[in-house]
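Colleague: predicted model follows, preceded by the sequence.
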Amino acid sequence: MGLLTNRVERNEIKLGDHIYTYRAVFTYSHHGIYLGGSKVVHFRPERNLNLSTEASSDVYDSMTCPTFPDCGFRQPNSGVVLSCLDCFLKNGSLYCFEYGVSPSVFLAKVRGGTCTTAASDSPETVVHRAMYLLQNGFGNYDVFQNNCEDFTMYCKTGLLIVDKQGVGRSGQASSIIGAPLAAILSSPLKLLMPSPVGVATMTAGMYCMSRYATDIGVRTDVIKVAVEDLAVNLGWADDNEEEVTEVEESSMTQITR
């Protein structure tokens, strides 16, 4: 892997690696944890998983997968999915996310969602988190705060963002927010810098710094959370308790009628 691309071959990835592939002509990337044996755990919006095959090409259906029968396995009402590597890639190229990179390497990466300065935990710990979340879910999918990249980065590091109002761990989300912000902040500089090259350089610098400031390796609003305690920290346990209470109340109402 180098500064320009993180593309790898299938025989190069290892157990617990954070892998990704690009969708829609490099518009966005989809991320997952490699379990070995051509199996990947990844996180998707539940609504896509509930659509029919004709309605969505992103559906993972064990009936149509020639690789292994468990492809597409997920728990009810969960977006965490087990699939084969072929279905995960969907004919796309394979890339490997980098951990523990230096600040200079991070800033040199033009595109977000490819690396972080945070260190990865051991492969065994990463796989344990991924398998635990496959059985217990990862909450509701959110493009900016709880997406597929957030899922894989949590599996790799165990780091959780304390500030729920801010951007999540995802480098893609930081890029989406950082690019327009950098353009807005640098627009007054056009009056001071007549050269378009100078303005472009300043805008690129602001964009890279905004990405770096939101990286989980340098943020101060992150904590290490055991996967078994994740539901409590994110409030999922409270939501489940409310659902159970509503079901119980509904049942009692029907009994008393």
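Modeller: In hand now; what should we look at? Residues are numbered from 1 along each chain as shown.
Colleague: quick check, residue 121 in a strand?
Modeller: No - according to DSSP: H, G, I helix; E, B strand; the rest coil, residue 121 belongs to no strand; its state is coil.
Colleague: quickly note the distance from it to residue 226.
Modeller: 11 Å (C-beta to C-beta, to the nearest Å). C-betas here are computed from N, CA, C, even on glycine.
Colleague: what is in contact with those two at once?
Modeller: residue 158 (C-beta atoms under 8 Å, 6 or more residues apart in numbering).
Colleague: let me know how buried the closest residue in space to residue 133 that isn't next to it in sequence is, in neighbour terms.
Modeller: Once flanking residues are discounted, residue 133 sits nearest to residue 80: 5.2 Å by C-beta to C-beta, 6 or more residues apart in numbering. Applying other C-beta atoms under 10 Å, we find 27 residues neighbouring residue 80.
Colleague: hmm, back to that, more neighbours: which of residue 121 and residue 226?
Modeller: The neighbour comparison of residue 121 against residue 226 (other C-beta under 10 Å) goes to residue 121, with 18 against 10.
Colleague: distance check, that one against residue 67.
Modeller: Between residue 121 and residue 67 the computed distance is 28 Å (C-beta to C-beta).
Colleague: same deal with residue 210?
Modeller: From residue 210 over to residue 67 the distance is 40 Å, taken as C-beta to C-beta.
Colleague: name the nearest residue to residue 99, ignoring sequence neighbours.
Modeller: Residue nearest to residue 99 in three dimensions, not counting chain neighbours: residue 120, with 4.0 Å by C-beta to C-beta, 6+ apart.
Colleague: quick one: the one you found and residue 126 touch, right?
Modeller: Yes - counting by C-beta atoms under 8 Å, residue 120 does reach residue 126; the two are 6.9 Å apart.
Colleague: what touches both of those two?
Modeller: In the contact map built from C-beta under 8 Å, 6+ apart, the residues linked to both residue 120 and residue 126 are 16, 156.
Colleague: these two: which is more packed in?
Modeller: Counted by other C-beta under 10 Å, residue 120 and residue 126 do not tie: residue 126 has more neighbours, with 24 against 20.
Colleague: my read: the more buried one touches residue 155, true?
Modeller: Yes - between residue 126 and residue 155 there is a contact under C-beta under 8 Å: 5.3 Å.
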